[in-house]
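S.K.: Quick one: sequence and predicted model below, then my questions.
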Amino acid sequence: MDSLQDSINTLRSAVIDGRTENVRHRQNELLKLHSGLRGKSSSICDAISKDSGVSASDAQKEFVLAMDAVQKMYETLHFEKSLEDEYLVKEGKDHLSRKVGVGIVAIRPTKHTRLYSIASPLAAAIAAGNCVLLELELPHSQLDQALIEILPSALDRDTFFVSPAKLENEQVSQIDFTVDQMSTASVSDVNQLLSQPQSRTLAVVDQTASIGLAARAIATARLPPYNTSPYSPDSVIVNTFVVEEFVKGCIGYADSLASSDEKSLPNGNLQGLEKHSAEGEPVVHTSKTGNLKIVVLQDRSSNPPTTKIEGQYLLIRPSTSTTDAIFSQLSS
């Protein structure tokens, strides 16, 4: 029997004896999780920066959000209330709102914002009274290596385990609930929570929107390091009357973020909308520094890419209204 199977058996034993049902135990585990991460904050942030290439400030932002997720889960637990509920039977009352954990929860995190993608479901699973099996299968990830050292020493080894390899089907069948952030399945079972990072993401900019704010937010999402996010929009449906303003806003914001030593491109690239709109051909706008390219599909019958867009590109499809935007997606 391998060590992974031994660990699953240990987790199952903890589920059977009800160790995680005690609210005080859950509080202690969340406190230890918070303390363990906080004590290694510098090494964790360094690992995030090296793995994903983000700046030190962005790594710190992710760390703060991860810690906040743990704290919020802790705040959902109330020990005194749990004692009152426990003694309801003594008073001959039913505890109709009683909730218990499902048992063993397996977490398969995504690569993007990996620390937050681990800490958030981990804290939620612990707060709900579950034993947790965490998959960390990236051998070259410095963050994974750091967490493999931090988490097992911080948490109860009978209720938490880190697997350095992906679970096989035989082992998955022993799991009560799976949080899979790297799924390719189109349909989930009742014991699964699936995220599909390869699914395309759509954004809609209506005529009533704050165009400048929308342009900055969407342009930021398509520029490094944020364009690696599965939620970075692959296609943006923009109201016809504000397409030009939106494009100029995105281009201008992209140029404002570029360093002064980046090579400039001719201004003529910004005049494509007026030049080619009558021809019904796709129009490509490129920022002066070349750090963002925007493609406007003028022909409504043209089919956009069906896969996720990689790189510093933004695909725009004009629409006449929000209703038109909805129906255009239903028919595509």
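M.R.: That came through, no problem. A quick note: this is a predicted structure, and the numbers were derived from the prediction, not measured. Numbering: from 1, shown residues only.
S.K.: Next one: Ile104 relative to Ser55, how far apart?
M.R.: Ile104 sits 37 Å away from Ser55, going by CB to CB, to the nearest Å. The way it works is simple: take the backbone N, C-alpha and C, and place the C-beta from them, glycine included.
S.K.: okay, the two: which has more neighbours?
M.R.: Ile104 (22 against 10; other CB atoms under 10 Å).
S.K.: Longest helix in this structure, please.
M.R.: The helix of greatest length in the chain, counted in residues with DSSP state H as the criterion, is given as helix 56-74.
S.K.: For the nearest residue to Ala128 once chain neighbours are set aside, give its distance to Gln174.
M.R.: Closest residue in space to Ala128, ignoring its immediate chain neighbours: Gly101 at 5.1 Å, by CB to CB, 6 or more residues apart in numbering. The spacing between Gly101 and Gln174, counted by CB to CB, is 16 Å.
S.K.: low-scoring stretches of the chain, by residue?
M.R.: For the chain, the stretches with pLDDT under 70 are 1-2, 259-281, 301-304, 329-332.
S.K.: who's in contact with stretch 12-25?
M.R.: Stretch 12-25 is contacted from outside by 26, 77-79, 82, 100-101, 103-104, 126, 129-131, 156, 158-159, 174, 176, using CB atoms under 8 Å, 6 or more residues apart in numbering.
S.K.: Using PDB, write out every CA atom in that stretch.
M.R.: Once side chains and other backbone atoms are set aside, the C-alpha atoms of stretch 12-25 remain, and they are given as PDB (Å, rounded to 0.1, in the frame of the first residue of the first chain):
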ATOM      1  CA  ARG A  12     -11.100   8.600   6.300                       C
ATOM      2  CA  SER A  13     -10.500   7.600   9.900                       C
ATOM      3  CA  ALA A  14     -10.600  11.200  11.000                       C
ATOM      4  CA  VAL A  15     -13.900  11.600   9.100                       C
ATOM      5  CA  ILE A  16     -15.400   8.600  10.800                       C
ATOM      6  CA  ASP A  17     -14.400   9.700  14.400                       C
ATOM      7  CA  GLY A  18     -15.900  13.100  13.700                       C
ATOM      8  CA  ARG A  19     -12.800  15.100  14.600                       C
ATOM      9  CA  THR A  20     -13.500  18.000  12.300                       C
ATOM     10  CA  GLU A  21     -17.100  18.400  13.500                       C
ATOM     11  CA  ASN A  22     -15.800  20.300  16.600                       C
ATOM     12  CA  VAL A  23     -15.900  24.000  15.900                       C
ATOM     13  CA  ARG A  24     -12.900  24.700  18.200                       C
ATOM     14  CA  HIS A  25     -10.900  22.200  16.200                       C
END
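S.K.: Tell me the buried residues in it?
M.R.: When neighbours are counted by 16 or more other CB atoms under 10 Å, the buried residues of stretch 12-25 are found to be 14-15, 19-21, 23, 25.
S.K.: same thing with stretch 66-76?
M.R.: Of the residues in stretch 66-76, those buried by neighbour count under the rule 16+ other CB under 10 Å are 66-67, 69-70, 73-74.
S.K.: again with stretch 225-239
M.R.: Buried residues in stretch 225-239, defined by neighbour count with 16+ other CB under 10 Å: 226-227, 230, 232-239.
S.K.: Any idea how far apart the tips of that stretch sit?
M.R.: Distances were taken as CA to CA, to the nearest Å; on that basis the terminal residues of stretch 225-239 are 28 Å apart.
S.K.: Pull the distance from that stretch to the chain's centre.
M.R.: For stretch 225-239, the separation from the chain centroid amounts to 13 Å (computed by CA atoms, centre = their mean, to the nearest Å).
S.K.: From here on, call the first residue 309.
M.R.: With the count now opening at 309, the last piece we talked about shows up as stretch 533-547.
S.K.: all strands of the protein, in order?
M.R.: Using DSSP state E, the strands found in the chain span residues 412-416, 439-443, 468-471, 485-488, 500-502, 510-513, 543-547, 591-594, 601-604, 621-627.
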